[in-house]
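Engineer: okay, sequence plus prediction incoming.
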Number of protein chains: 2
Amino acid sequence: MTKVTIHDVAKNANVSPTTVSRVLNNRGYISEEMKKKVHDSIEELGFIPNQMARSLFTNQTKFIGLIIPTTANPFFGELTYYIEKSLSKLDYKLLICNSINESENEKQYLSMLQENRVDGIIVGSHNIDITEYDKMPLKMVSVERKINETIPTIQSDNYSGGYQATEELIKAGCQKILCVSGNPNLETPANDRYKAYQDCMTEYQLPTYSERIHFTDTNEQKAAKVEAIFNETPDYDGVFAGDDVIASIILAYALKKHIKVPESLKVVGFDGTDLTQTILPHLTTISQPIQELAEKSVEMLLAEIANQPVEKKVILPVTLLRKGTT
Amino acid sequence: MTKVTIHDVAKNANVSPTTVSRVLNNRGYISEEMKKKVHDSIEELGFIPNQMARSLFTNQTKFIGLIIPTTANPFFGELTYYIEKSLSKLDYKLLICNSINESENEKQYLSMLQENRVDGIIVGSHNIDITEYDKMPLKMVSVERKINETIPTIQSDNYSGGYQATEELIKAGCQKILCVSGNPNLETPANDRYKAYQDCMTEYQLPTYSERIHFTDTNEQKAAKVEAIFNETPDYDGVFAGDDVIASIILAYALKKHIKVPESLKVVGFDGTDLTQTILPHLTTISQPIQELAEKSVEMLLAEIANQPVEKKVILPVTLLRKGTT
C-alpha cells in the first residue's frame, strides 16, 4: 500500500501543495470553496495527515509527558487514567514514564521528553535529587510532589487528612497509635500527614510513635517491615497507615495473627482509590479526590502552556470514609 | 532562551548542516574526527536533537501506542508498567490510550495513533466491533484479546487456568460451583476459562452454573450484581470468579453476610497481580505471567516492525496459587 502524500491530495484537488498545507494547519485566508475541494480530495484518497510533520510548523506537538512511580500502584493507575481522559478530550496525547526506583532513568525520561518536544510535563515521581528539573525549559506541574519553588503543585489536603485520620483513631478509643509514613527525605506533600498526626497526638496529650515504609519498596519488603514492626511492638492498638496498600498489609498481618480488627487493632488508610475501596470495602480511609487532582493538573498545565497566570499551589479537600476498621 | 538549531551546531563546528544531520542520524560515511567535532559542538551549545524532525527522515518515530481498557485496573496497570519498562530500555516511547466503554473513542485513538505515525500498536482493549482494526496498515499485536486472524495474539493459558481453578474447587469438596465470566460477545481468550470450567464440571459429572459480569461495569455495578446472584441462589458453595476484583467483591459480600470462607464458600480468582496478592494474600487464584505477557508482546511487535516472521498465537503458562479461600 503506497502512502498518500500531500502532493497527491493537491494534484487531485487541482490546487498547490501550499494550499493543502494551509487548509490542514488552518493558516492564512482560504475560501470555503477551496477548503471543500481540499477536504473532498483528502477523503477521496484516504489521506492521513502527518501530525509529526505538522508539529514542526505549528511548534506544538500536543504531546504531554507524565512521570509517575508506576501505573501498577492503584493511586497512580487511577491518576493516569483520569489525566489521559482529560487530555484526550482536548486532543492531547499522553507519553507515560514509570520512574520507580530509577533516578538515572528519570533523567533519561526528561531528556527524551525534551527531545520529543512535548508541550509540557506532569510530574508525580518519587525519586529524590533530580536537579535536572531546575534546568528544564519545559512547562511543568507536579501532583502530590514538591519539586522546587517555581513549578506549580497540585495536592490533596494531606494535613487535614492526617489530622482527621488520627482523631478518628483517638475518638475510637486508641491509646497507642502508630503512624506509618514514607521517605522523610523526599519532599512530598504527604509528609504533612505525619506532621498532622504529631500535632493531633500532642493536642490530645498522647505519645507519638512513627515508622517509615518507603513507597518504592516492593510489596514483599513492605510486608516484612510490617511484621518486624509488630514483632517489636505488639501492643499498638491503632495505626494510621501511609496509604491503603500499607493498611491492607497490616490487615492481612492481623488476620494471620488472629488480631481482631477493630476490637484489638484499629486501622485508617489513605488514598481511597476506587479499587482499594472495592477490594477492601471495610477499610476506614482518607479518600483523595483523584479525578479532581488529575483534571486540575491538566487544567493548570495547559494554562502554563498558554502562558496564562497559574497558582503556585492548589490544595484539594479530602474525605474521611468511616468503615469497619475503626 | 533561544533554541539552539542544527545550523548553530554546524556553524560552531565549522561543518555543513548536512554533516551534522548525518552524524545525528548515523547515515553515510563520516570520519571519526568529524563526528567528534560535531558532538563537541552539540555539547558546547547544549543542542537538543528534535526527534520529531528526525522521525521524518528516518521514517520511524519510535512511538508505540497501547490501547487498553484502563490503567486503573490492576492487571492492566501492571501490564502497562512492564510494557513501558521493556520499551523504554529499547528507546521506544509509549502513548497510552484508555478505551474503556468507548468504542467511538477507540476509533479516534486509532486515527490519532496513525496520524502520529506510531511504529506499532499493542492492543488489549475490551470494546467490541472495532472493524477499523481490519483496515489498519499499522503493525500490531494483541494481548489477551483476539482481534482478527491476521494480528498476532499473546495470551495466558486461560483454558488450563480455568480447568485448574475448577478442579481446585471440586477437590476441596464443592458441589454447586458457579462460574462468573465476562462479556460472551467479546472474543477474548478469557472465554476459554469458561469453556474449561464447563469441560471440567462435565468430566466430574457436576451441573454447571454461570453468570456474566462485564469487565467494563463499574465496581459498584459489579458489587450489585454479586449481591443479586447470591440473593437468587444463596447455596453456591464454590465460585470460580472472572478475575481477582470480582473474587474480592464476593469475599466482601461473604464477610458482610457472615458467610464463612472457606468453610461455607470457596473462591478462586484469576489474574494474581502483585497488588491483589498483596491486598488479599489469602485469595486462592490463577496467576497470569503479566511481566512475560508484556515482554513477549513488545518482542513480537518489534519483530513485526522489523518485518521478521512472528508466530500468530503465543500462549504462556499460568500458576495456581493455593491460599486460604479454598
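Structural biologist: Nice, I can see it. Only a predicted model underlies this, so the values are computations on that prediction, with no experimental measurement involved.
Engineer: helix, strand or coil for the residue nearest to A:L138 when sequence neighbours are not counted?
Structural biologist: Closest residue to A:L138 apart from its sequence neighbours, by CB to CB, 6 or more residues apart in numbering or on different chains: A:I121 at 5.7 Å. (Glycine included, C-beta is placed from N, CA and C.) A:I121 falls in the strand class when you classify it by DSSP: H, G, I helix; E, B strand; the rest coil.
Engineer: so what's A:I121 up against?
Structural biologist: A:64-67, A:110, A:113, A:136, A:138-141, A:301 (CB atoms under 8 Å, 6 or more residues apart in numbering or on different chains).
Engineer: swap in A:V239?
Structural biologist: A:169, A:177-180, A:247, A:250, A:265-268.
Engineer: neighbour-wise, which of those leads?
Structural biologist: A:V268 (31 neighbours; other CB atoms under 10 Å in any protein chain shown).
Engineer: following the helix or strand where it lies, which helix or strand comes up?
Structural biologist: Counting by DSSP states H and E, the element that carries A:V268 is strand A:266-271. Downstream of strand A:266-271, the next assigned helix or strand under DSSP H and E is helix A:274-279.
Engineer: how far does that following helix sit from the chain's center?
Structural biologist: Between the centre of helix A:274-279 and the centre of its chain there are 17 Å (CA atoms, centre = their mean, to the nearest Å).
Engineer: same for it, what does it pack against?
Structural biologist: Judged by 3 or more CB pairs under 8 Å, 6 or more residues apart in numbering or on different chains; DSSP states H and E, helix A:274-279 is in contact with helix A:74-89, helix A:244-256, strand A:284-287, helix B:219-232, helix B:244-256, helix B:274-279.
Engineer: show me what from the stretch 1-150 of chain A comes close to chain B.
Structural biologist: The stretch 1-150 of chain A comes close to chain B at residues A:1, A:48-53, A:55-56, A:61, A:70-74, A:77-78, A:80-81, A:84-85, A:88, A:91, A:93-98, A:105, A:109, A:111-112, A:114-117, A:137, as judged by CB under 8 Å from any CB of the partner chain.
Engineer: CA-only coordinates of the lowest-mean-pLDDT helix or strand in chain A, as PDB, when you get a sec.
Structural biologist: When each helix and strand of chain A is scored by mean pLDDT, DSSP states H and E, helix A:51-58 comes last, with a mean of 73. C-alpha atoms of helix A:51-58 as PDB (Å, rounded to 0.1, in the frame of the first residue of the first chain):
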ATOM      1  CA  GLN A  51       1.000  15.200  12.900                       C
ATOM      2  CA  MET A  52       4.700  14.800  13.300                       C
ATOM      3  CA  ALA A  53       5.400  16.900  10.200                       C
ATOM      4  CA  ARG A  54       2.700  19.300  11.300                       C
ATOM      5  CA  SER A  55       4.200  19.800  14.700                       C
ATOM      6  CA  LEU A  56       7.300  21.200  13.100                       C
ATOM      7  CA  PHE A  57       5.200  24.000  11.600                       C
ATOM      8  CA  THR A  58       2.800  24.700  14.500                       C
END
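Engineer: which neighbours in the sheet does whichever helix or strand comes after it have, and how are they oriented?
Structural biologist: Scanning forward in sequence from helix A:51-58 by DSSP H and E, the next helix or strand is strand A:63-68. Partners of strand A:63-68 in the sheet, by DSSP bridges, are strand A:93-98 (parallel), strand A:120-123 (parallel).
Engineer: distance from the chain centre to the following helix or strand past the last one, please.
Structural biologist: Put plainly, it is strand A:120-123. Note on strand A:120-123: by DSSP H and E, the next helix or strand toward the C-terminus is helix A:132-135. Chain-centre distance of helix A:132-135: 20 Å, with CA atoms, centre = their mean.
Engineer: which residues are contacting helix A:132-135?
Structural biologist: Residues from elsewhere that reach helix A:132-135, judged by CB under 8 Å, 6+ apart: A:106-107, A:110, A:123, A:140, A:147-148, A:151.
Engineer: from those, which land in strands?
Structural biologist: A:123, A:140 (DSSP state E).
Engineer: out of the contacts of helix A:132-135, give me the one that has the most neighbours.
Structural biologist: Counting by other CB under 10 Å, top hit in the contacts of helix A:132-135: A:V123 with 26 neighbours.
Engineer: now that one. Nearest residue, chain neighbours left out?
Structural biologist: Nearest to A:V123 is A:S142, by CB to CB, 6+ apart, at 4.4 Å.
Engineer: same check, this time on A:N98
Structural biologist: A:N98's closest residue in space is A:T70 (CB to CB, 6+ apart), at 4.8 Å.
Engineer: now the one you found: phi and psi?
Structural biologist: Backbone torsions of A:T70, given as degrees, to the nearest 10, read phi -170, psi 140.
Engineer: just list the residues touching the residue of the stretch 1-150 of chain A found nearest chain B, thanks.
Structural biologist: The minimum distance from the stretch 1-150 of chain A to chain B, using CB to the nearest CB, falls at A:G77 (3.7 Å). By CB under 8 Å, 6+ apart, the residues touching A:G77 are A:71, A:273, A:275, B:71-74, B:77.
Engineer: do that again at 6 Å, thanks
Structural biologist: A:71, B:71-72, B:77 (CB atoms under 6 Å, 6 or more residues apart in numbering or on different chains).
Engineer: check A:I68 too.
Structural biologist: By CB under 6 Å, 6+ apart, the contact list for A:I68 reads A:76, A:124.
Engineer: hmm, try it at 10 Å
Structural biologist: A:I68 makes contact with A:75-77, A:79-80, A:83, A:96-100, A:122-126, A:143-145, B:71, B:81 under the criterion CB atoms under 10 Å, 6 or more residues apart in numbering or on different chains.
Engineer: tell me the secondary structure at A:E211.
Structural biologist: Of the three states, A:E211 takes strand under three-state DSSP.
Engineer: quick check: mean pLDDT of stretch A:8-21?
Structural biologist: What stretch A:8-21 shows for mean pLDDT is 89.
Engineer: swap in stretch A:168-188?
Structural biologist: Rounded mean pLDDT across stretch A:168-188 is 89.
Engineer: end to end on it, go ahead and measure it.
Structural biologist: 23 Å (CA to CA, to the nearest Å).
Engineer: re the thing from before, sitting in helices, which of the contacts of A:G77 do you find?
Structural biologist: Members of these lying in helices (criterion: DSSP state H): B:G77.
Engineer: can you put the contacts of A:G77 in TSV and add pLDDT?
Structural biologist: Shown next, in TSV, are these (pLDDT from 0 to 100):
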residue	pLDDT
A:T71	96
B:T71	96
B:A72	95
B:G77	97
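Engineer: so A:L138 versus A:A303, what's the distance?
Structural biologist: Distance, A:L138 to A:A303, by CB to CB, to the nearest Å: 15 Å.
Engineer: also A:V268?
Structural biologist: Taking CB to CB, one finds A:V268 at 35 Å from A:A303.
Engineer: next: A:R117.
Structural biologist: Distance from A:R117 to A:A303, by CB to CB: 20 Å.
Engineer: neighbour-wise, which of these two wins?
Structural biologist: A:R117 (19 against 16).
Engineer: can I assume the more buried one sits in a helix?
Structural biologist: No: counting by three-state DSSP, A:R117 is not found in a helix; it is coil.
Engineer: what's the domain layout of chain A?
Structural biologist: What the TED database lists as the domains of chain A is A:6-58, A:63-155+A:290-316, A:158-289.
Engineer: how about those in a markdown table, adding distance to B:K11?
Structural biologist: Listed next are the domains of chain A as a markdown table, based on distance: least, CB to CB, whole Å:
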| stretch | distance to B:K11 |
| --- | --- |
| domain A:6-58 | 21 |
| domain A:63-155+A:290-316 | 21 |
| domain A:158-289 | 42 |
